[in-house]
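Asks: model this:
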Amino acid sequence: MQNLLRRKKTLVLVLVLVLVLVLVLRERAQPNIKIGVLHSLTGTMATSETPLVDAVRLAVEEANQSGGVDGAQIEMIVTDCRSDPAYCAQQAEKLITQDKVQVLFGCWTSACRKAVKPVVERHHHLLFYPVQYEGLEQSPDIIYTGAAPNQQIIPMVSWALQQRGKRAYLIGSDYVYPRTANQIVKKLLTAQRGQLVAERYVPLGEQSLDAVAREIAAQRPDFVVNTLNGDSNLYFFRALQQAGIRAGDIPVFSTSIAEAELAAIGPERVAGHYAAWNYFQSVQSDGNRDFIERFRSRFGRQRVLDDPMEAAYIGVKLWVSALRSAGTMDMATVKSALAQQTLAAPEGIVAVDADTLHLWKPVRIGRARADGQFEIVWQSGRSIAPAPFPFFIPRAGQAAMVAGAR
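Replies: Reported below is the predicted structural model:
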């Protein structure tokens, strides 16, 4: 009888100790680390931006499955920017001041980034920006994981001038990125003895592009540089098709058409035309094949991946790696750790450039195929140092270019 009582007392004691341990661990458990995701899920930019949320989600889930950050799980707060830069800036303010997120991932257009930038800088916060852009900018509070001009538009136009001819037609959406990028293109045309046939701009979301297509057909440039953004690209390639313009005769070189846009436009309409990016889904490497498999296992076998999605994904990877190496959430310490990060990404080796906070990245030019993928026709073969301020444009001229493009 006494032995039975002793056993019962021992069992009760063990249960009490287990309960105490559970309570202690619960108290010590780290609260979730909140991150803000700012992308347009509606409006003219929705087709391009919506897939980036899934790319961020994959990286977050992989980080959480591998233990999170010091035992804390990462929690996403996703906000629809509605394809409206001013609204996106308001939501960035809310995420920082009310939701208390530790970092922001988002924006697509340069208009959106420039609206959000002063909000981030005012709070000395942190934004990861995942899209190629016009350059002429850097910030201590922004990590630019997309291409600088020397990592996309400059090599693309140089290749077009070498391979297709000297006469270029420029078409873009009427906001800061296309206007600034095309000023860089015109400098490049002058330097390489090219000729500007025409330069045209239409509002974001413009659907009526028949007149532009007819002008291209009449002027017969050697190639077109396309900096249209959003769903205007769908109407542009429809108009080209209706005007009888074939890729073999007048190829279009685009800066904002990737695999997701090919699927939305209809790859048969874009087949034979070109785009320049750092990443294509068709990159042949074990790391990229694994990336594609993980993404499709999570979001659907039919899904395609593209450069901005990969840049959004690696942004989260770089941030998590910096947090783990910093061992603290202190923003200044995390930013210092970020400046030392290197990653074997699906596109290849990338590294944060400590001086500019842009990434070293490989460069590729692809020809669109009818199956919705790109055939890579040229690549740098190594990661290229970012040059957000092109060396062939004086600093005084750069300031004037940005001011004139607003």
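Asks: For stretch 124-142, what is the spacing between the initial and final residues?
Replies: The first and final residues of stretch 124-142 sit 10 Å from each other (Cα to Cα, to the nearest Å).
Asks: What residues sit buried inside that stretch?
Replies: For stretch 124-142, burial by neighbour count (16 or more other Cβ atoms under 10 Å) applies to 125-139, 141-142. All C-beta spots, glycine's among them, are computed from the backbone N, C-alpha and C.
Asks: In helices, which of those fall?
Replies: Counting by DSSP state H, no part of the buried residues of stretch 124-142 is found in helices.
Asks: Which residues lie in contact with residue 120 in this structure?
Replies: Residues in contact with residue 120 (Cβ atoms under 8 Å, 6 or more residues apart in numbering) are 92, 96, 104, 126-127, 139, 141-142.
Asks: Nearest to residue 324 among these?
Replies: Set against residue 324, the nearest of the contacts of residue 120 by Cβ to Cβ is residue 126 (15.7 Å).
Asks: quick one, phi psi at the spatially closest residue to the closest one that is not a sequence neighbour?
Replies: Excluding its sequence neighbours, the residue lying closest to residue 126 (Cβ to Cβ, 6 or more residues apart in numbering) is residue 103, at 4.7 Å. Dihedral pair for residue 103: phi -160, psi 160, per degrees, to the nearest 10.
Asks: how about residue 103, what does it touch?
Replies: Residues near residue 103 by Cβ under 8 Å, 6+ apart: 35-36, 125-128, 319.
Asks: Residue 62 should be in a helix, yeah?
Replies: Yes. Using DSSP: H, G, I helix; E, B strand; the rest coil, the assignment for residue 62 is a helix.
Asks: For it, which non-adjacent residue is spatially closest?
Replies: residue 294 (7.5 Å).
Asks: With residue 64 instead?
Replies: Per Cβ to Cβ, 6+ apart, closest to residue 64 is residue 73, 5.0 Å.
Asks: Equivalent analysis for residue 321, please.
Replies: That would be residue 341: by Cβ to Cβ, 6+ apart, it lies 5.6 Å from residue 321.
Asks: hang on, isn't the one you found packed against residue 323?
Replies: No. Using Cβ atoms under 8 Å, residue 341 is not in contact with residue 323, being 10.6 Å away.
Asks: Looking at the two, which has the bigger crowd around it?
Replies: Comparing residue 341 with residue 323 by other Cβ atoms under 10 Å, the one with more neighbours is residue 323, at 24 against 20.
Asks: nearest spatial neighbour of the more buried one, skipping sequence neighbours?
Replies: Closest to residue 323 by Cβ to Cβ, 6+ apart is residue 69, at 4.8 Å.
Asks: Can you spell out which residues form a bridge with the one you found?
Replies: Assessed by DSSP bridges, residue 69 has beta-bridge partners residue 72.
Asks: Format the contacts of residue 103 as a markdown table; extra columns: pLDDT and distance to residue 364.
Replies: Converted to a markdown table, the contacts of residue 103 look like this (pLDDT from 0 to 100; distance: Cβ to Cβ, whole Å):
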| residue | pLDDT | distance to residue 364 |
| --- | --- | --- |
| 35 | 98 | 29 |
| 36 | 98 | 30 |
| 125 | 98 | 32 |
| 126 | 98 | 28 |
| 127 | 98 | 26 |
| 128 | 98 | 22 |
| 319 | 98 | 25 |
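Asks: So which of those belong to strands?
Replies: 35-36, 127-128 (DSSP state E).
Asks: could you check the distance from residue 159 over to residue 216?
Replies: 20 Å (Cβ to Cβ, to the nearest Å).
Asks: More neighbours: those two, which one.
Replies: Using other Cβ under 10 Å as the criterion, residue 159 and residue 216 rank with residue 216 on top: 24 against 17.
Asks: thought that one was touching residue 170?
Replies: No. Residue 216 is beyond contact range of residue 170, at 10.7 Å (criterion: Cβ under 8 Å).
Asks: Between those two, which contacts overlap?
Replies: Common neighbours of residue 216 and residue 170 (Cβ under 8 Å, 6+ apart) are residue 224.
Asks: on that earlier part again, distance-wise, check the residue nearest to residue 126 relative to residue 131.
Replies: Taken as Cβ to Cβ, the span from residue 103 to residue 131 is 17 Å.
Asks: Next, count neighbours for the residue nearest to residue 366 when sequence neighbours are not counted.
Replies: Once flanking residues are discounted, residue 366 sits nearest to residue 374: 3.0 Å by Cβ to Cβ, 6+ apart. Residues lying near residue 374 (other Cβ under 10 Å) number 28.
Asks: Report the beta-bridge partner residues of residue 374.
Replies: residue 368.
Asks: helix, strand or coil for residue 221?
Replies: Residue 221, by the three-state scheme (three-state DSSP), is coil.
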